[in-house]
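Visitor: attaching a predicted model along with its sequence, questions to come.
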Amino acid sequence: MIEKIFLWTPSYESGQSYELLVLGNKSNISSSHLQGHQPTYIIVHGFLGDGLEPWILESKQKLLELHRCNVISVQWPSGSEYFVIDYYHVVFHVPYVGKEIAALLAQLAQLKSLKYSDVHIIGHSLGAHIAGFVGKNVPTPIARISGLDPAGLSFRGTGPSQRLDKTDALYVDVIHTNGCRNYLVWTDCFGFDVALGHTDFWPNGGRHQPACQNWAGLPVNGSRRLNESRPVNGSRPVNGSRHFNNTSGSVNNTDYTRVSVAGSWSVGCDHMMSHTYFVESLNYSRSSGLFLSRPCPSYEEYESGNCSCGSVPQYMGYFADQRGRGDFYLNTSAVPPYALPDPGCPTGAQADLFLLSLVVALVLLVLITCLVLLMTCHGLKRAAMCSYGEGVRP
């Protein structure tokens, strides 16, 4: 079922070239440069996607720059034509791809000492549900799943066992960018309009994104791809795969032409903004006020200014805090960079510093209290001894 498994590690060509893992091939997996003691990220594309999409390559690069880790991209048969019948055929693959990735993790755990507690799966659209099925088929819970606008079509109304759910990992965070329902669901809303994770982010209300507001309508040619990448010079996919022939295993930026959000056909623009936001979040940190969100019962309440900052600074994207649970709202810009500051809320670093100052103050208070008690006891003891001495004089 899985077509290709790309692996990038710092110890192989400094992460600039990939190795191909082969599911079930122990020799291949054992000889790979994957380091089991390091965090492992698994990225799964969505409908009509590709294992070497620009957003995946950008995520890979930024993750490797953040820290030493393993990055895996799974390419699976996600369809080739923009037709409803092709989508339903692809949906059938979702649970099976999830099971195969779970089998891959089992082999990595056996042969490379990978720990499930170090695994973070990032899935877009149908890839988010695939991530959920990975979590349902592993013997030990994985650390985290980030669902980027999980697909709604075919999954609305299904139970937790048939889609991504917060029980699929120790922590599940979801970014909703195209979650709504109407009578033209296929042409309008691709995402989920209900919470699926421990933390659900609803940028701009989670329905439509400002960057996509000037584009409307479906492509005339039903075979147009929803992908954000396209071949240069009219190249055709090789051997049935959707990426280009590259025997060296390296990915040259000239192999792909980035298509801006404005240039993508609008039916998928809102849907694709979820991974655009996630990639951008890798540029920031907890010391930044960018992509800060607020807990709120609805976007209307958020827009009315009725929502507090919450007990924990919560960031949409990579730096999401597992302590912040529930629905969170924020606004973004219509042009890149999309993150906007929230000056009314403390950053994660400021909150950490405040917490540290409270701990220090508490420790000092305890020490001072103990010192006062000690001095008081010493004074009472001395007074008692003096009183006793006066009483026994001849």
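Guide: Received, thanks. Keep in mind it's a predicted model, so treat the numbers as computed, not measured.

Visitor: pLDDT below threshold where in the chain?
Guide: Counting by pLDDT under 70, the chain contains low-confidence ranges at 82-83, 182-188, 215-267, 348-358, 379-394.

Visitor: try 80 this time
Guide: Residues of the chain that meet the criterion pLDDT under 80 lie in 80-85, 181-188, 214-267, 348-365, 377-394.

Visitor: next, name the residue at the spatial heart of it.
Guide: Nearest to the mean C-alpha position of the chain, by C-alpha atoms, centre = their mean, lies Ser146 at 3.2 Å.

Visitor: which residue ranges form the strands in the stretch 201-350 of the chain?
Guide: Remark: strands assigned in the stretch 201-350 of the chain by DSSP state E, counting those that start in this stretch are 292-295, 314-315, 326-330.

Visitor: which stretch among these comes nearest Lys166?
Guide: In terms of C-beta to C-beta, the element of the strands of the stretch 201-350 of the chain nearest to Lys166 is strand 326-330, at 11.2 Å. Placement of C-beta: from N, CA and C, glycine included.

Visitor: Lys99 is nearest to which of the strands of the stretch 201-350 of the chain?
Guide: Of all the strands of the stretch 201-350 of the chain, it is strand 326-330 that lies closest to Lys99, at 30.6 Å by C-beta to C-beta.

Visitor: can you give me the buried ones in the closest one?
Guide: Buried residues in strand 326-330, counting neighbours by 16 or more other C-beta atoms under 10 Å, are found at Asp327, Phe328, Tyr329, Leu330.

Visitor: try stretch 33-49
Guide: The neighbour-count check on stretch 33-49 (16+ other C-beta under 10 Å) flags 34-35, 38-49 as buried.

Visitor: hang on, the earlier thing: can you redo the strands of the stretch 201-350 of the chain as CSV with distance to Val97?
Guide: Below are those laid out as CSV (distance: least, C-beta to C-beta, whole Å):
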stretch, distance to Val97
strand 292-295, 31
strand 314-315, 29
strand 326-330, 29
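
Visitor: roughly how far does Thr199 sit from Gly268?
Guide: Distance of Thr199 to Gly268, computed by C-beta to C-beta, to the nearest Å: 25 Å.

Visitor: hmm, I typed the wrong one, I wanted Ala334.
Guide: Where Gly268 is concerned, Ala334 sits at a distance of 17 Å (C-beta to C-beta).

Visitor: which one's more surrounded, these two?
Guide: Taking neighbours as other C-beta atoms under 10 Å, Ala334 and Gly268 compare with Gly268 leading, 24 against 13.
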